[in-house]
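Chemist: Generate a structure from the sequence data that follows.
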Amino acid sequence: MDALEKLAARQHLAVALLSAWLIATSPWIEMLRRVPREAGFLDYSHVVLGFVTLAIAITYTVTCTRAGRWRLYFPWLAGQLGAVGRDASGLLRGRIPAAEGGGLFGLIEGLLLVLLLATAVTGAVWFVMQGSQEALAWRSQHIFAARGLVLFLVLHVVTVSLHLIDFIRD
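Modeler: Below is the predicted model:
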């Protein structure tokens, strides 16, 4: 494993742990237009860890998409949707798509990266805009992006689980 693969593995772990914490504790966050005066540990940890997640999400995206690998995560940008179509039709026939190659699972990972960035950026902009009229709109966008992130995170876990099951069968 080269240095960049090790870095990507560490970034992946950090993003997974931070995202899990932020998602799991989000029902108890009491921020609307601004951080409340009586903000507690969860509110402050959400803000601080959200900014940490933003920094790691940016560097992780760069790590994942370097040297032309962006085509694996964003096949539609490269005009290469054929593999996605083949994977989708194979999935309907009970075949598990390949983990690599810019197919369906890569598309899911790419959209998950985009949603991770969108969630982190909208949270950061909400924080910068706190106290203004725009803050509530950014909060709404942050919640929308976070819900999409959760959906694609679940899809990602399912796809990884399918590969583990397939690996164990072989």
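Chemist: thought T65 was touching Y73?
Modeler: Yes: counting by C-beta atoms under 8 Å, T65 touches Y73, with 6.3 Å between them. C-beta here means a position set from N, CA and C on the backbone, and glycine is covered the same way.
Chemist: Neighbour count for these two, which is higher?
Modeler: Of the pair T65 and Y73, Y73 is the one with more neighbours under other C-beta atoms under 10 Å, namely 21 against 16.
Chemist: Skip the chain neighbours and tell me the closest residue to that one.
Modeler: Closest residue in space to Y73, ignoring its immediate chain neighbours: G110 at 3.2 Å, by C-beta to C-beta, 6 or more residues apart in numbering.
Chemist: helices and strands around the longest helix along the chain, which ones?
Modeler: In terms of residue count, the longest helix belonging to the chain (DSSP state H) is helix 134-169. Packing partners of helix 134-169 (3 or more C-beta pairs under 8 Å, 6 or more residues apart in numbering; DSSP states H and E): helix 3-25, helix 104-129.
Chemist: Buried residues, it. List them.
Modeler: 135, 138-139, 141-142, 145-146, 148-149, 152-153, 155-156, 159 (16 or more other C-beta atoms under 10 Å).
Chemist: do you know how far the most centrally placed residue in the chain is from E109?
Modeler: Note on the chain: the residue nearest the mean C-alpha position is L116, at 3.3 Å, using C-alpha atoms, centre = their mean. The gap separating L116 from E109 is 10 Å, by C-beta to C-beta, to the nearest Å.
Chemist: Help me confirm that R34 comes into contact with G131.
Modeler: Yes: in this structure, R34 is within contact of G131 by C-beta under 8 Å, at 4.8 Å.
Chemist: between these two, which one's more packed in?
Modeler: Applying other C-beta under 10 Å to R34 and G131 shows that R34 carries more neighbours, namely 15 against 9.
Chemist: Look up phi and psi at that one.
Modeler: Main-chain torsions, R34, degrees, to the nearest 10: phi -160, psi 170.
Chemist: So it versus H46, what's the distance?
Modeler: Separation of R34 from H46 (C-beta to C-beta): 13 Å.
Chemist: Least confident secondary structure element in this protein?
Modeler: Within the chain, no helix or strand scores below helix 82-92, which has a mean of 88 by mean pLDDT, DSSP states H and E.
Chemist: Please identify the buried residues of that one?
Modeler: By neighbour count on 16+ other C-beta under 10 Å, the buried set for helix 82-92 is A83, V84, R86, D87.
Chemist: doesn't G101 make contact with the second one?
Modeler: What that stands for is V84. No: proximity of V84 to G101 does not meet the contact threshold set by C-beta under 8 Å, at 10.0 Å.
Chemist: What about the closest residue to F127 other than its chain neighbours, how many residues nearby?
Modeler: Of all residues not flanking F127 in the chain, V47 sits nearest, at 6.2 Å (C-beta to C-beta, 6+ apart). Residues lying near V47 (other C-beta under 10 Å) number 19.
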